[in-house]
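Engineer: Provided below are the primary sequence and the corresponding predicted coordinates.
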Amino acid sequence: MVDYRKIFQEQESSFIKTSQKLPITSAQKVALNRKGNVLFNEGNIEEAKRVFLATGYSDGLSRIGDYYKSQGKLLDALRMYWKAPDRNKAETIIVQLSTVIKTLIDN
């Protein structure tokens, strides 16, 4: 049996762009996360994503992932879950995608 999790983790650096979080105070982080939540609730998903990525707000990143998943954008959802890190939700998509890939290879 192929260990898809191991393969994915080995390829993480080429799959997901990483950056360092901003050097901000706790108060600034709270304020930015609130702004990100407002943006998200207003439907400004991309701006909210930028805020959550900058602050590393895992709940916000997971919600962005949920949004992408609801839109059928599984790779984008997977990236957000992986950054969150929400490994349970990421694993579900990894299994889904690996099943699709296996089916394509077998045919």
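Structural biologist: Yes, it's here.

Engineer: right, and F52 touches G36 too?
Structural biologist: Yes. F52 sits in contact with G36 when judged by C-beta atoms under 8 Å, with a separation of 5.1 Å. Where C-beta positions appear, they are placed from N, C-alpha and C, glycine not excepted.

Engineer: quickly list what's touching both of those two.
Structural biologist: Residues within reach of F52 and of G36 at once, by C-beta atoms under 8 Å, 6 or more residues apart in numbering, are G60.

Engineer: got the CA coordinates for stretch 84-93 in CSV?
Structural biologist: Below are the C-alpha coordinates for stretch 84-93, written out as CSV (Å, rounded to 0.1, in the frame of the first residue of the first chain):
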residue,chain,number,x,y,z
ALA,A,84,-3.9,25.9,9.4
PRO,A,85,-2.7,23.0,10.3
ASP,A,86,-6.0,21.0,10.2
ARG,A,87,-4.6,17.6,9.3
ASN,A,88,-8.0,15.8,9.7
LYS,A,89,-9.6,17.9,7.0
ALA,A,90,-6.4,17.8,4.9
GLU,A,91,-6.3,14.0,5.1
THR,A,92,-9.9,13.7,3.8
ILE,A,93,-9.0,15.7,0.7
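
Engineer: tell me the mean pLDDT for that stretch?
Structural biologist: The average pLDDT for stretch 84-93 rounds to 95.
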